[in-house]
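In: Below is the structure, and that's it, no one-letter string:
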């Protein structure tokens, strides 16, 4: 069982930055692929970024490439999402999720553990 707690969301103007953190419980954090999903009102939940168990492989959704950076610290059981040059279309609830598989996948159903979500609002 893994419990995930996100923090760092908030309201920011377009062009600004936010850093999200996701703290995980348990001693097996390093055995999970970690992802950040987001869900805007009326839209499906989508994978934004993901990182492999050791941190050597990452995935970025097209619209966030060059603006968002995912990283993890397995010693601290924490995954981070640095978001720069934020745009109004980045507004959504952001969820941290853990996948026990080996490979990064974009399918939400493959992620067994989820945080409660943190709101990110970007004003124009």
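Out: That came through fine. Just so it is clear, the model here is predicted, and its values are computed rather than measured. Residues are numbered from 1 along each chain as shown.
In: Please make it C-alpha for all contacts and neighbour counts, starting now.
Out: Noted.
In: Nearest the middle, which residue of this structure would you pick?
Out: For the chain, the residue whose C-alpha lies nearest the mean C-alpha position (Cα atoms, centre = their mean) is residue 36; its distance is 2.0 Å.
In: So for that residue, what's the nearest residue that isn't a sequence neighbour?
Out: Leaving out its chain neighbours, the residue that sits closest to residue 36 by Cα to Cα, 6 or more residues apart in numbering is residue 96, at 4.7 Å.
In: Now for the one you found, how many residues are close by?
Out: 31 (other Cα atoms under 10 Å).
In: For the residue nearest to the centre of the chain, give me its contacts.
Out: By Cα atoms under 8 Å, 6 or more residues apart in numbering, residue 36 lies in contact with 47, 48, 49, 50, 81, 94, 95, 96, 97.
In: I'd guess it is in a strand, am I close?
Out: Yes. Assessed by DSSP: H, G, I helix; E, B strand; the rest coil, residue 36 belongs to a strand.
In: and it, what pLDDT?
Out: Per-residue confidence (pLDDT) for residue 36: 98.
In: Kindly state the beta-bridge partners for it.
Out: Counting by DSSP bridges, residue 36 is bridged to residue 49, residue 96.
In: Roughly how far does it sit from residue 124?
Out: Look at residue 36 and residue 124: by Cα to Cα, to the nearest Å, they are 23 Å apart.
In: just residue 90 next, same as before
Out: Distance from residue 90 to residue 124, by Cα to Cα: 11 Å.
In: What of residue 102?
Out: In terms of Cα to Cα, residue 102 sits 39 Å off from residue 124.
In: Residue 107: neighbouring residues, count only.
Out: 10.
In: swap in residue 102?
Out: Residue 102 has 11 nearby residues by other Cα under 10 Å.
In: and it, what helix or strand is that in?
Out: Taking DSSP states H and E as the definition, one finds residue 102 inside no helix or strand.
In: Go ahead and confirm it touches residue 34.
Out: No. Taking contacts as Cα atoms under 8 Å, residue 102 lies outside contact range of residue 34: 10.7 Å.
In: re earlier: so which of the contacts of residue 36 is the closest to residue 15?
Out: residue 81 (16.0 Å; Cα to Cα).
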